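Q: Here you go, sequence then predicted model.
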Amino acid sequence: QVQLQESGPGLVKPSQTLSLTCTVSGGSISSGGYYWTWIRQHPGKGLEWIGYIYYSGSTYYNPSLKSRVTISVDTSKNQFSLRLSSVTAADTAVYYCARDRTGGSCYFDYWGQGTLVTVSS
Amino acid sequence: QSVLTQPPSASGTPGQRVTISCSGSSSNIGTNYVYWYQQLPGTAPKLLIYRNNQRPSGVPDRFSGSKSGTSASLAISGLRSEDEADYYCATWDDSLSAAGVFGTGTKVTVL
């Protein structure tokens, strides 16, 4: 059974960089075939797709966030990470990591439990 | 602002059938598969329907999905109290700003 777990600071100051890591267990990122994705949900709102990374390191980001987003992978640790720069209060959200079975599809079969990140001074 | 439009709410009594619509365009639903997610309060979304109308193992057959043109629907038959949740459609959008997109979400209330 694949499991994903987000970790990182729950509080980030405005203008700083948000950094989160997703640890995958029960399956290897380096086995390929899946696209490891970040999604966020603003408080009381809907879901927003942020971007994904393949085990090879190739990425695709939401154009609306592209200038501020970096997703990276560490196959040795079976982790992938999200960095979002120049954050504002509008970036306060629950951040989820998920596995996309096909990439470019929104076919998310496994999700992390989510982690709330608050942007505040 | 989501490109996929859902009704904000839907409701029914136990045993009834509830249908949720998801309206998109030719660059998203009209071209790609639709997926449905159920989000119980305080939890992560869970895959409910994949590739328009397929159910993952473990999802009751009370849940069914369909797609026609640029719209999709999720039906819940034999409504149960545990179905009270938020439901989201999702797909890929192939427009100039290609990305994954989610619906606005529908809160289902069991009366």
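A: Alright, I've got the coordinates.

Q: For chain A, what lies in contact range of chain B?
A: Residues of chain A that fall close to chain B, judged by Cβ under 8 Å from any Cβ of the partner chain: A:37, A:39, A:46-49, A:62-64, A:96, A:104-109, A:111-114. Every C-beta, even on glycine, is put in place using the N, C-alpha and C of the backbone.

Q: Please indicate which of the residues you listed are buried?
A: A:37, A:39, A:46-49, A:62, A:96, A:104-108, A:111-112, A:114 (16 or more other Cβ atoms under 10 Å in any protein chain shown).

Q: The helix or strand where A:Val94 lies pairs with which strands?
A: Secondary structure from DSSP states H and E places A:Val94 in strand A:93-100. With DSSP bridges as the test, strand A:93-100 is paired with strand A:35-41 (antiparallel), strand A:108-111 (antiparallel), strand A:115-119 (antiparallel).

Q: Please give the centre-to-centre distance between the shortest one and its chain.
A: Distance of strand A:108-111 from its chain centroid, counting by Cα atoms, centre = their mean, to the nearest Å, is 12 Å.

Q: Convert the C-alpha atoms of it to CSV, please.
A: Written as CSV, here are the backbone C-alpha positions of strand A:108-111 (Å, rounded to 0.1, in the frame of the first residue of the first chain):
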residue,chain,number,x,y,z
PHE,A,108,-4.6,10.9,-8.4
ASP,A,109,-4.9,7.5,-6.8
TYR,A,110,-2.9,8.2,-3.6
TRP,A,111,-2.8,11.3,-1.5
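
Q: centre of the chain versus the strand holding A:Val94, how much separation?
A: In terms of Cα atoms, centre = their mean, the centre of strand A:93-100 is found 5 Å from the chain centre.

Q: what does that strand rub up against?
A: A:2, A:4, A:6, A:20, A:22, A:24, A:34-43, A:48, A:50, A:52, A:80, A:82, A:106-112, A:114-117, B:44-45 (Cβ atoms under 8 Å, 6 or more residues apart in numbering or on different chains).

Q: Stretch A:114-121 now?
A: Contacts with stretch A:114-121, where a contact means Cβ under 8 Å, 6+ apart, come from A:6-14, A:18, A:20, A:41, A:87-96, B:44.

Q: Near A:Ser31, how many other residues are there?
A: Residues near A:Ser31, counting by other Cβ atoms under 10 Å in any protein chain shown, number 9.

Q: can you pull the pLDDT of the nearest residue to it once chain neighbours are set aside?
A: Leaving aside its chain neighbours, A:Ser31 sits nearest to A:Tyr55 (7.4 Å; criterion: Cβ to Cβ, 6 or more residues apart in numbering or on different chains). At A:Tyr55, the predicted lDDT confidence score is 95.
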